[in-house]
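**Student:** Model the structure of this input:
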Amino acid sequence: MAKANKVLFEVEDNYQKQTYRTRCFIYSPNGKQLLNIPIKNAKTTQKTKEVLIDYSFGWQKQHRKSIESAYRSSPYYEFYEDEFNPLFEDKPKFLLDFNLKCQETILEFLSLALNSSKTIEYHKTYNSQLDLRYLANAKSKQKIELTEYTQGFSDKHGFIPNLSILDLLFMEGTNALTYLENQQLEF
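**Tutor:** The predicted structure is shown next:
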């Protein structure tokens, strides 16, 4: 997205289990750690925008503590902390609303003005555009080579690629956008 002229967000597709819409990974003291958002009984014929978040597990408090434990000593955690915490205090009803709010917050952190829009109907293919929707599938093997940057526990576990954008932000701060713009990615 850092290099795109325009981004189209898919909001009209049917919900699929085991995607990055409900999960991400962070770099914890023990290595790669999964953060997963519980949802309420989603059906395969249900639109993603209709999927309800389940707040009965106290996942927000758990996620915030995990992120704080993983990144509180990182160079830029305190720089973003105050703007980051409301994501774990508000309780949007729908998963899509939470994801879009996270996206908006990250774009603000990056100071990235994104020319974007949302789909108004589902299309199986977009022939005239680069379609990256498959990247949301957590089970597909994606070989995305990223330039290594310093991570908090790399002395114990080495460089771990493809973590949440939070890892890059808390480690690189205002340089995160430059890092993203300099990646040579092929799809």
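**Student:** make it CA atoms for all contacts and neighbour counts henceforth
**Tutor:** Will do.
**Student:** Find the centremost residue of the chain, please.
**Tutor:** Ranked by distance to the mean C-alpha position of the chain (CA atoms, centre = their mean), the top residue is residue 164 at 5.3 Å.
**Student:** backbone phi and psi for the nearest residue to residue 14 once chain neighbours are set aside, please?
**Tutor:** Leaving out its chain neighbours, the residue that sits closest to residue 14 by CA to CA, 6 or more residues apart in numbering is residue 47, at 4.1 Å. For residue 47, the backbone dihedrals (degrees, to the nearest 10) come out as phi -70, psi 150.
**Student:** which stretches of this structure aren't confidently modelled?
**Tutor:** Where the chain drops to pLDDT under 70, the residues are 42, 44, 141-143, 186-187.
**Student:** ok, the residue nearest to the centre of the chain - contacts?
**Tutor:** 24, 25, 26 (CA atoms under 8 Å, 6 or more residues apart in numbering).
**Student:** and which of these is nearest to residue 116?
**Tutor:** The closest of those to residue 116 turns out to be residue 24 (CA to CA; 22.5 Å).
**Student:** ok, what's across the strand from that closest one?
**Tutor:** According to DSSP bridges, the residues that bridge with residue 24 are residue 35.
**Student:** so how many other residues sit close to it?
**Tutor:** 19 (other CA atoms under 10 Å).
**Student:** I'd say it and residue 34 touch.
**Tutor:** Yes. Counting by CA atoms under 8 Å, residue 24 touches residue 34, with 5.9 Å between them.
**Student:** Turn the contacts of residue 164 into TSV, columns for distance to residue 73.
**Tutor:** Formatted as TSV, the contacts of residue 164 follow (distance: CA to CA, whole Å):
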residue	distance to residue 73
24	20
25	18
26	14
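**Student:** so how many other residues sit close to the residue nearest to residue 14?
**Tutor:** Residues near residue 47, counting by other CA under 10 Å: 16.
**Student:** how much space between it and residue 5?
**Tutor:** Counting by CA to CA, to the nearest Å, the separation of residue 47 from residue 5 is 27 Å.
**Student:** The longest helix along the chain packs against which elements?
**Tutor:** Determined from DSSP state H, the single longest helix within the chain is helix 95-110. Packing partners of helix 95-110 (3 or more CA pairs under 8 Å, 6 or more residues apart in numbering; DSSP states H and E): helix 77-84, helix 165-172.
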